[in-house]
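**Q** Structure of the sequence below:
(one chain, ligands or ions: 2)
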Amino acid sequence: MDTKLKMNVFYKILFERVFDPIALYKVDDGKIIFLDVNPAYEKVMKMSRKDLIGENFFDVWPNAEKRWSDVICQALKQKRTMHCIGESIDVNSYLEAVAFPIPPDMAAVIFLDRTKLKKSDSAFRKKQSQLRALAAQLTLSEENLKRSIASDLHDKVGYDLISQLKILREIEAENLIDDEIKNKIQKLIINTENIIAENRSLIFELSPPVLKEAGLNPALEELAKKILEPNEINYKIISKGSDDEFQTDDSVSIILYRMSRELLINVVKHSKAKNVNIIINRKPEIITIAVEDDGVGLPEDCEKGFGLFSIRERLLALGGKFKIISEYKKGLMAVMTCPLKIKKGEFLP
Ligand SMILES: Nc1ncnc2c1ncn2[C@@H]1O[C@H](COP(=O)(O)OP(=O)(O)O)[C@@H](O)[C@H]1O
Ligand SMILES: [Mg+2]
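**A** Ligands and ions are numbered 1, 2, ... in the order given. Predicted coordinates for the structure are as follows:
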């Protein structure tokens, strides 16, 4: 047998024995005529070869989704392999069709059953959205917990420490005590002052007071000052839409504040930037914060870090978005978008 003949036998065996359905069509004057189908096609589509050959696709499958005929015509028209994927009501499966043109007017289509893949994909997506919902709940309850600890530290511990300091100062001022006790009292005063300062900075970390008292814009300004100024990076706050006009949930403000902090630390750590713009844009129902730097941009072989990943995941979970626009050696802009208000109970599946 010569090589050509051997190849023909090989193709014939392949066509007959392959487990995936294959159909061969001729396209003529808008009609798609069956030229041949393999045994797998007969089995999966529950049609016999002899009933198909010579028939028009649209007569055989009058209810078929348009994509299955389109893929054949497009493969021939564009003279290249085309594929489509979707539910087929006729065979009750999720199929992928790969159509190969055989110019001038024939096309072969191989159908791949993707039902299992689709099922595991939907199960995966469902799990992913449940995880995101959980992450959103965790973020919100973490912030609530931090805020309530901060307010206890402020209202109870802070108050008690101030009263204690007052009493110690009163004792110190009295002339009745001897020098040894006076020394000890002075040490206690210094200690108490230190604890008060530590308590204040702990409260600040847990729930920045400026955020609560003055709002997100001044809080971001203070943050930029604290993080960028010591590193000689200039910054500008550009704001559109006021907090009064478009009120933001406390939980959204604090989450965006913490994410902005991560972005500003990234600027210091990775960007070599000289200038930073913090753009705050409020619109009905939505707030966008962009941190733009004129540094080196994302490296070409950028390692995926947890900081940016966690910002993206948390924003997606809250119904927001995260986008990074980076130009190599020209800078980076990280854009966070989030709804102004988080509806209670929205996130648990
Ligand atoms: N402003 C920036 N300019 C340049 N590269 C950045 C910037 N922000 C982040 N990157 C790059 O993206 C990577 C991932 O950032 P991130 O997820 O925050 O992780 P980490 O800061 O822990 O490295 C960084 O390692 C860095 O290479
Ligand atoms: Mg980081």
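**Q** Domains in the protein, by residue range?
**A** As assigned by automatic domain parsing, the chain contains the domains 3-113, 118-206, 214-339.
**Q** so can I have JSON lines of those domains showing mean neighbour count?
**A** C-beta here means a position set from N, CA and C on the backbone, and glycine is covered the same way. Below are those laid out as JSON lines (neighbours: other Cβ atoms under 10 Å):
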{"stretch": "domain 3-113", "mean neighbour count": "15"}
{"stretch": "domain 118-206", "mean neighbour count": "13"}
{"stretch": "domain 214-339", "mean neighbour count": "17"}
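**Q** now those as CSV including mean pLDDT?
**A** Formatted as CSV, the domains of the chain follow (pLDDT from 0 to 100):
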stretch, mean pLDDT
domain 3-113, 93
domain 118-206, 90
domain 214-339, 92
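**Q** Need those domains in JSON lines (columns: distance to ligand 1).
**A** Shown next, in JSON lines, are the domains of the chain (distance: least, Cβ to the nearest ligand atom, whole Å):
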{"stretch": "domain 3-113", "distance to ligand 1": "33"}
{"stretch": "domain 118-206", "distance to ligand 1": "16"}
{"stretch": "domain 214-339", "distance to ligand 1": "2"}
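**Q** Could you dump these into a markdown table with distance to ligand 2 added?
**A** Shown next, in a markdown table, are these (distance: least, Cβ to the ion, whole Å):
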| stretch | distance to ligand 2 |
| --- | --- |
| domain 3-113 | 37 |
| domain 118-206 | 17 |
| domain 214-339 | 3 |
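**Q** Looking at the protein, which helix is longest?
**A** Determined from DSSP state H, the single longest helix within the chain is helix 115-152.
**Q** who's in contact with residue 122?
**A** Counting by Cβ atoms under 8 Å, 6 or more residues apart in numbering, residue 122 touches no other residue.
**Q** and if you look at residue 238?
**A** Per Cβ under 8 Å, 6+ apart, neighbours of residue 238: 277, 278, 279, 280.
**Q** likewise residue 76?
**A** Here residue 76 is in contact with 27, 101, 103, 105, 106, 107 (Cβ under 8 Å, 6+ apart).
**Q** and the gap between it and residue 85?
**A** Using Cβ to Cβ, to the nearest Å, we find residue 76 at a distance of 19 Å from residue 85.
**Q** Where do the helices of the stretch 151-300 of the chain begin and end?
**A** Counting by DSSP state H, counting those that start in this stretch, one finds helices in the stretch 151-300 of the chain at the ranges 158-173, 179-206, 209-214, 216-228, 250-266.
**Q** still on that earlier bit, can you put the contacts of residue 76 in CSV and add secondary structure?
**A** Output for those, formatted as CSV (DSSP: H, G, I helix; E, B strand; the rest coil):
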residue, secondary structure
27, strand
101, strand
103, coil
105, coil
106, strand
107, strand
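**Q** Put together CSV for those residues, with distance to residue 254 on each row.
**A** Converted to CSV, those look like this (distance: Cβ to Cβ, whole Å):
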residue, distance to residue 254
27, 61
101, 58
103, 63
105, 65
106, 64
107, 58
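**Q** ok, back up a step: distance to residue 273 added to the helices of the stretch 151-300 of the chain, as JSON lines?
**A** Shown next, in JSON lines, are the helices of the stretch 151-300 of the chain (distance: least, Cβ to Cβ, whole Å):
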{"stretch": "helix 158-173", "distance to residue 273": "38"}
{"stretch": "helix 179-206", "distance to residue 273": "25"}
{"stretch": "helix 209-214", "distance to residue 273": "24"}
{"stretch": "helix 216-228", "distance to residue 273": "9"}
{"stretch": "helix 250-266", "distance to residue 273": "10"}
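**Q** for those, which one sits closest to residue 91?
**A** Using Cβ to Cβ as the measure, helix 250-266 is the one of those that comes nearest residue 91, at 47.0 Å.
**Q** The closest one: how far from the chain's middle?
**A** Remark: helix 250-266 is offset 16 Å from the chain centroid, using Cα atoms, centre = their mean, to the nearest Å.
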